[in-house]
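> Sequence and predicted structure below; questions after.
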Amino acid sequence: TITGVIEIHTQMGRQDDHGKKEPGRCSILAHNQDGAFSPSYASGAYYPNVRPRRHVRVQMDWNGDTYGLFYGLVENWHPFVAGDQHYVEITAIDLSYQLVRTRPDVAFSSQALGARIGSVLDEAIWIGIPSTTPFYWPSTLRDLDTGVLTVAAATLSDTSLQSHIDDLMDVEDGRFWIDG
């Protein structure tokens, strides 16, 4: 849990109605007077775990309910001083970034559109901490509609998983996003 949060900014979605979805981004500004969120401060409360590729989830409580705003991986911890105050800016990118980066050679059978999206997510390997430990997008974090159409078998080669998802969404005029 990050305490002393001053502000949170998230950006996700498309730049315009016709653009492709871009990976979501989040920045968190927090107090860091005790150095707990300084990557090189060995006496910090979270040392040595203040490093990139840590999971970050931003949630908001409102009216007795908890809403997810962002879920992704930390890109950078940037501690800084302004006047006599110590702060940290944490930047993160959502999990769709890995969908953009992953370009497997894979064949998919003919299947319902929702099942295909699930199969695509099964191909995405997420690199967490330590950086040699892969983890997969758990089905418990998915909420996939079955879709209306059955899509033909396809083989991907040097095509990003996100590009394939975008093509599938265009076919059914669907939407795909990463929820917090």
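Nice, thanks for sending it over. None of the values given here were measured: they were computed from a predicted structure.
> how about the helices in the chain?
Ranges of helices in the chain, per DSSP state H, are 96-101, 113-123, 161-172.
> Mean pLDDT lowest where, among the ones you listed?
Of all the helices of the chain, the minimum mean pLDDT falls on helix 96-101 (a mean of 82).
> rewinding a little: which of the helices of the chain sits closest to Arg51?
Proximity to Arg51 (Cβ to Cβ) singles out helix 96-101 among the helices of the chain, at 17.0 Å. For every residue, glycine as well, the C-beta is placed using N, CA and C.
> buried sites along that closest one?
Of the residues in helix 96-101, 96-100 count as buried by neighbour count, 16 or more other Cβ atoms under 10 Å.
> Asn76: which of those is nearest?
Tyr97 (13.5 Å).
> which ones are touching that closest one?
For Tyr97, the contacting residues are 23, 72-73, by Cβ atoms under 8 Å, 6 or more residues apart in numbering.
> can you pick the most crowded of the residues you listed?
Counting neighbours by other Cβ atoms under 10 Å, Gly72 leads those with 26 neighbours.
> What does the pLDDT read for it?
86.
> For the chain, give me the ranges with low pLDDT.
14-15, 18-21, 125-138, 179-180 (pLDDT under 70).
> Centre-most residue in it?
Asp94 (1.9 Å; Cα atoms, centre = their mean).
> Just list whatever residues bridge to it.
On the basis of DSSP bridges, Asp94 is bridged to Gly72.
> shouldn't Ile178 be in contact with Gly68?
No - between Ile178 and Gly68 there is no contact under Cβ atoms under 8 Å: 9.5 Å.
> Which one's more surrounded, the two?
More crowded of Ile178 and Gly68, by other Cβ under 10 Å: Ile178, with 19 against 12.
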